[in-house]
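1. Let me see the structure of the following:
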Amino acid sequence: MQDRQSFIYILTNKYNNVLYTGVTSDLRKRIWEHREKLVGGFTKRYNVTKLVYYEVFADIRDAIAREKQIKAGSRQKKLDLIVGMNPEWRDLYDEL
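-> Residues are numbered from 1 along each chain as shown. So this is what the prediction gives:
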């Protein structure tokens, strides 16, 4: 069974010192929800709104598996992913 596109993403705050990894089927909408503080919990508490990394998947199951893999990894592995895709740590939201 193939679903619509899915995404894993990494957000940070304006100081780039907090990382949050998530999964969604609508990346633009989900990041907007984080920015507008419509999502409670960690991202709201730590003002985590800057999209610095994402991956696209054809199947939500693959995206969920990748999210788990990233979350289980070290902070350094997350930093390496970000720097590999986005060395300037630009906010990628407007490029979606």
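
2. Tell me which strands the helix or strand that contains Leu51 pairs with, and in which orientation.
-> Assigned by DSSP states H and E, Leu51 belongs to strand 50-57. Strand 50-57 pairs in its sheet with strand 6-12 (antiparallel), by DSSP bridges.

3. export the partner strand as PDB, just CAs?
-> The C-alpha trace of strand 6-12 is given here as PDB (Å, rounded to 0.1, in the frame of the first residue of the first chain):
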ATOM      1  CA  SER A   6       5.500  11.800   3.800                       C
ATOM      2  CA  PHE A   7       8.300  13.700   5.500                       C
ATOM      3  CA  ILE A   8      10.600  13.600   8.500                       C
ATOM      4  CA  TYR A   9      12.000  16.900   9.600                       C
ATOM      5  CA  ILE A  10      14.300  18.500  12.100                       C
ATOM      6  CA  LEU A  11      13.500  21.900  13.700                       C
ATOM      7  CA  THR A  12      15.600  24.100  15.900                       C
END
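
4. Make sure Ile31 is indeed in a helix.
-> Yes. In this structure, Ile31 lies within a helix as judged by DSSP: H, G, I helix; E, B strand; the rest coil.

5. How about the contacts made by it?
-> Tyr9, Leu11, Thr49, Leu51, Tyr93, Leu96 (C-beta atoms under 8 Å, 6 or more residues apart in numbering). C-beta coordinates here come from the backbone N, C-alpha and C atoms, glycine included.

6. Might one say that the first one is in contact with Val48?
-> I take that to be Tyr9. No. If you go by C-beta atoms under 8 Å, Tyr9 and Val48 don't touch, sitting 10.9 Å apart.

7. before we move on, back to that, now the element after the strand holding Leu51, going C-ward?
-> Counting by DSSP H and E, what follows strand 50-57 is helix 60-72.

8. thinking again about what came up before, so the strand holding Leu51 versus helix 60-72, what angle?
-> 140 degrees (axes from the mean of the first three to the mean of the last three C-alpha atoms, to 10 degrees).
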